[in-house]
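[1] sequence and predicted structure below; questions after.
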Amino acid sequence: MEWDARIRGAVGLHRGVADALGRRIVDAPIGCRSQLLDRARRHGWCADEWSTVVPLLHDVDAPALVPIDTALGHASADLVRAVDGVAALEAEGAVAARLAALYRSWRDEASEIADAPYLHTVARMLVELAAGPTA
């Protein structure tokens, strides 16, 4: 499996989602701010998990950001174009749902033994993406 490309794409995507949500906090309604902060934190955490917990193949010559899924690319573009915090939260829900589906497909293709570090990280991502607001 192409774990290196997948991880690079996931890190870039989660960082982009966290950034897009964070940019909407200032002009968001008060009740929406804590949800934006929570979801941005979760995506930032996911990016950190993928980039620090899972080993990468450093001898692979790959671009820094690899698109990992066309539908996910469209959903994240909708998030970046969101006009306010409420729209950003709605768009993030679509991104999270698509990411969860993609991660489940990665899990289903993986080898239980050889891909164990990736499977553990995928399991944590699925829990994190499904979690509701902590506030």
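    Right, received. Where do you want to start?
[2] what's around A97, how many residues?
    A97: 14 surrounding residues under other C-beta atoms under 10 Å. Glycine gets a C-beta too; all of them are placed from N, C-alpha and C.
[3] same check, this time on W45
    15.
[4] element containing it?
    Following DSSP states H and E, one finds W45 within helix 30-52.
[5] buried residues, that helix. List them.
    Across helix 30-52, burial judged by 16 or more other C-beta atoms under 10 Å covers 32-33, 35-40, 42-44, 46-47, 49-51.
[6] going by distance to V95, which of those wins?
    The shortest approach to V95 among the buried residues of helix 30-52 belongs to H43, at 8.5 Å (C-beta to C-beta).
[7] ok, now how distant is that closest one from A97?
    As judged by C-beta to C-beta, to the nearest Å, H43 and A97 stand 14 Å apart.
[8] try D38
    The gap separating D38 from A97 is 17 Å, by C-beta to C-beta.
[9] go on, D4?
    D4 sits at a distance of 25 Å from A97 (criterion: C-beta to C-beta).
[10] ditto for D48
    To A97, D48 is 22 Å away according to C-beta to C-beta.
[11] can you check L126 too?
    11 Å.
[12] same check, this time on R8
    Look at R8 and A97: by C-beta to C-beta, they are 22 Å apart.
[13] got it, and H74?
    13 Å.
[14] ok, now M125?
    To A97, M125 is 13 Å away according to C-beta to C-beta.
[15] swap in R81?
    18 Å.
[16] which residues sit against the worst-scoring helix or strand of the chain on mean pLDDT?
    Least confident helix or strand of the chain, by mean pLDDT, DSSP states H and E, is helix 70-80 with a mean of 86. The contact list for helix 70-80, computed with C-beta atoms under 8 Å, 6 or more residues apart in numbering, reads 13, 16-17, 20-21, 67, 88, 91-92, 94-95, 98-99, 102.
[17] so which of those residues are in helices?
    Judged by DSSP state H, the contacts of helix 70-80 include 13, 16-17, 20-21, 88, 91-92, 94-95, 98-99, 102 as members of helices.
[18] a markdown table for those, including neighbour count?
    Output for the ones in helices among the contacts of helix 70-80, formatted as a markdown table (neighbours: other C-beta atoms under 10 Å):
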| residue | neighbour count |
| --- | --- |
| L13 | 27 |
| G16 | 18 |
| V17 | 27 |
| A20 | 23 |
| L21 | 28 |
| A88 | 28 |
| A91 | 22 |
| E92 | 27 |
| A94 | 16 |
| V95 | 26 |
| R98 | 19 |
| L99 | 25 |
| L102 | 20 |
